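**Q** Sequence first, then the predicted structure:
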Amino acid sequence: QVQLVESGGGLVQPGGSLRLSCEASGSTFSILHTAWHRQAPGRQRELVAVITSSNFTTYADSVKGRFTISRDNAKNTVYLQMNSLKPEDTAVYYCSADLRYRLVVAGLGTYWGQGTQVSVSS
């Protein structure tokens, strides 16, 4: 069993930066594919970024060039560095993980965190 705990959310002004962290319990983290998703009020949850167990990364078009996903297997942690934040980035951000890449991309991963709120406003 893997538990995921997100942290690092908060209120930031447009153009600012935040770094989200997702720490996993258990010894299997390094073989899991992980992703960040987000859900804004009244909108469907969307995939933000994925990082595979071999460090291959993909991003949603809306965050390319602004967000960076990375992982530190020694710390069982995946990060989301968010720069040049916009009001439309406001959402609850969730991390997920699974052995199966397609499930992670589809938002159907087995393991999920509780979410962390990111608010971008002046």
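**A** Cool, got the structure. Please read these numbers as outputs of a predicted model, since none were measured by experiment. Numbering: from 1, shown residues only.

**Q** who's in contact with Leu103?
**A** Leu103 is in contact with 109-110, counting by Cβ atoms under 8 Å, 6 or more residues apart in numbering. The C-beta positions use only the backbone N, C-alpha and C, and glycine is treated the same way.

**Q** Look up how far Thr110 lies from it.
**A** Using Cβ to Cβ, to the nearest Å, Leu103 is found at 7 Å from Thr110.

**Q** again, but for Cys22
**A** Distance, Cys22 to Thr110, by Cβ to Cβ: 14 Å.

**Q** These two - which one has more neighbours?
**A** When neighbours are counted by other Cβ atoms under 10 Å, Cys22 and Thr110 differ, and Cys22 comes out ahead with 27 against 14.

**Q** Provide the secondary structure category for that one.
**A** strand (DSSP: H, G, I helix; E, B strand; the rest coil).

**Q** Which residue, neighbours along the chain excluded, lies closest to it?
**A** Nearest residue to Cys22, sequence neighbours excluded (Cβ to Cβ, 6 or more residues apart in numbering): Cys95, at 3.5 Å.

**Q** for that neighbour, helix, strand, or coil?
**A** Of the three states, Cys95 takes strand under three-state DSSP.

**Q** Can you give me the pLDDT of it?
**A** Per-residue confidence at Cys95 stands at 97 (pLDDT).

**Q** Could you report the neighbour count for it?
**A** Count around Cys95 with other Cβ under 10 Å applied: 30.

**Q** The one 4 residues further on too?
**A** Counted by other Cβ under 10 Å, the residues lying close to Leu99 total 14.

**Q** do the same with Ile51
**A** 22.

**Q** In this protein, which residue is most central in space?
**A** Centroid-nearest residue in the chain: Trp36, 2.3 Å away (criterion: Cα atoms, centre = their mean).
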